[in-house]
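[1] no sequence on hand, only this structure:
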């Protein structure tokens, strides 16, 4: 049997490769450069860049037939009875191999019958690839997108390969209107285990299906790798239908991998033909919603299958593994005199497992226990450990796990060549460490402040018109290595000299709120800014000072838990904030 690599680690490497291309803009309006009188847009169709000269009629591009046009004022690409087939000559520039490729959030309007194909036989490809996508099917239109097939007959380099029908990297993907959408990953041959074929691949806020639409996402057959019908987050169907089909993967064939699935209307069907270790119809969701059906093959060709729905008593998430119900036991840190535990799963049959799929049994039950601490400082992570986590995290797009806002209230303001950082003094801290980098780069240590009373600092010789990001760590000296008292959320700011600017504040109607226990309230803040703000992190982030009294979710929805007072912090990308006092009665 071929040696199986860790799915989680491999997926991280795979998606790092898929998203490695630098992103120059996330704004609604496209970036462009002037060369004489010609504007060029961050959009490539059939391997040719769109310009002001060809935007109105892209059928002039080799490989494009039918009506295709681009409106740069709204980032809208219109397809009408169009065929786009990438025939670009071999090159080292992977961006030229996609059917449609952009670093923008792209709106696609499809009319009639349309087909988009990546260049055949290449290692990295997608029929359609964008930072975020809105696809509107007009009056029964159809749109089919195909990634490249990479087979032994047309490639000598078979070390790895990635092929997607549709790829949306960071923002939402919305599919609406009336018609059919087909996204197909190519068939892949490989000599290594990091090849993957995905119908629809997505790593942003949500995937929404809304309208009289029929969506099908199909992963290709993959030798020595994985096949996914769809790999999405926060997946929601309001109306229409979605069918995810995994091809045969030598390692895994997962029809739909989605941590969150909501079906308020319409239907979802997930099918897997693969019988490999870990192959599933549905994967990662905690509960199976109504309107959902999972079908798993027993023999690899789709026949002799088992079907599960929301009313099934047996497991629907995993097949040919442990079939009993598993209950997650969250990790709990050890305290002085009190034992903790690592995260693990208890089966209804009494067995312990390290994973939700029930594939990695923990035979020594005592191994999940973390012994009680003898010294309070032992519970604090070391600076070296947190620094390693900071450097590993994609701080361009998200916060480091375990970070918080309210203790340090870290914020940044900028001028043309200077950034000023401010924070709140932390009790029991012996100093501060600042980590930073230009946007798009990995964080590194840029300053160590040994005076615990210092609450600001200036960074000079910064490039004008450039985004920077920062994290601050408050530390306490310890013989066994300096310990972290608290560390901040990621903040970002842009120096003067660009068309974008930084937020200048938050406007909200009420800063004092009264709620009865069990009631909820949605905050509706507004961002104040003199210039347009390019959002890399979310527009608003929220944090509660006491979640036993009032909780707040990522959308600003407050829930009153118990009587008392709590402070809700609303903070922006650059750390500027507003606080709301919540009194629960």
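    Yep, it's here. The model shown is predicted, which means the values in this text are computed figures rather than measured ones.
[2] longest strand anywhere in the protein?
    strand 132-146 (DSSP state E).
[3] what pairs with the helix or strand just after it, and is each one parallel or antiparallel?
    Using DSSP states H and E, the helix or strand that follows strand 132-146 towards the C-terminus is strand 162-168. Strands flanking strand 162-168 in the sheet, each with its direction: strand 124-130 (parallel), strand 195-202 (parallel) (DSSP bridges).
[4] how much does the longest one deviate in direction from strand 132-146?
    In this structure, strand 195-202 runs at an angle of 140 degrees to strand 132-146, with axes from the mean of the first three to the mean of the last three C-alpha atoms, to 10 degrees as the basis.
[5] off-centre distance for strand 195-202?
    For strand 195-202, the separation from the chain centroid amounts to 14 Å (computed by C-alpha atoms, centre = their mean, to the nearest Å).
[6] same question for the shortest one.
    A distance of 17 Å separates the C-alpha centroid of strand 124-130 from that of its chain, computed with C-alpha atoms, centre = their mean.
[7] who's in contact with it?
    The set of residues external to strand 124-130 that reach it, using C-beta atoms under 8 Å, 6 or more residues apart in numbering, is 17-18, 94, 97-106, 108, 116-119, 144-148, 161-169, 183-184, 186, 201. Where C-beta positions appear, they are placed from N, C-alpha and C, glycine not excepted.
[8] tell me which of the strands paired with strand 162-168 sits nearest to residue 553.
    Evaluated over the strands paired with strand 162-168, closeness to residue 553 peaks at strand 195-202, with 21.3 Å, by C-beta to C-beta.
[9] who does the helix or strand that the closest one is followed by pair with, and is each partner parallel or antiparallel?
    Sequence-wise, the next helix or strand beyond strand 195-202 is strand 207-218, with elements assigned using DSSP H and E. Each strand pairing with strand 207-218, determined using DSSP bridges, is listed with its direction: strand 173-184 (parallel), strand 235-237 (parallel), strand 241-246 (parallel).
[10] the last one: how far from the chain's middle?
    Distance, stretch centre to chain centre, for strand 241-246: 20 Å (C-alpha atoms, centre = their mean).
[11] just the longest one next, same as before
    Strand 173-184 sits 20 Å away from the centroid of its parent chain (C-alpha atoms, centre = their mean).
[12] average pLDDT for it?
    For strand 173-184, the per-residue pLDDT values average out at 95.
[13] ok, now stretch 145-154?
    With pLDDT averaged residue by residue, stretch 145-154 scores 79.
[14] in it, what's buried?
    Of the residues in stretch 145-154, those scored as buried under the neighbour-count criterion (16 or more other C-beta atoms under 10 Å) are 145, 146, 147, 148, 149, 150, 151.
[15] helix or strand right after whatever helix or strand residue 506 lives in?
    Using DSSP H and E, residue 506 maps to strand 503-507. Moving toward the C-terminus from strand 503-507, the first helix or strand encountered (DSSP H and E) is strand 512-515.
[16] how far away from the center of its chain is that following strand?
    34 Å.
[17] just stretch 108-120 next, same as before
    Per C-alpha atoms, centre = their mean, the displacement of stretch 108-120 from the mean C-alpha position of its chain is 25 Å.
[18] surely residue 227 meets residue 185?
    Yes: taking C-beta atoms under 8 Å as the definition, residue 227 is a contact partner of residue 185 at 7.2 Å.
[19] shared neighbours of these two, anything?
    Looking at what touches both residue 227 and residue 185 (by C-beta under 8 Å, 6+ apart), the common residues are 196, 197, 198, 219, 220, 247.
[20] show me the beta-bridge partners of the closest residue to the fourth one other than its chain neighbours.
    When you say that, I think you mean residue 219. In space, not counting the residues next to it along the chain, residue 219 is nearest to residue 227; the distance is 3.7 Å by C-beta to C-beta, 6 or more residues apart in numbering. Beta bridges link residue 227 to residue 197, residue 253 when assigned by DSSP bridges.
[21] got the contact list for residue 227?
    Contacts of residue 227 were listed using C-beta under 8 Å, 6+ apart, and they are 185, 196-198, 219-221, 246-249, 252-254, 274.
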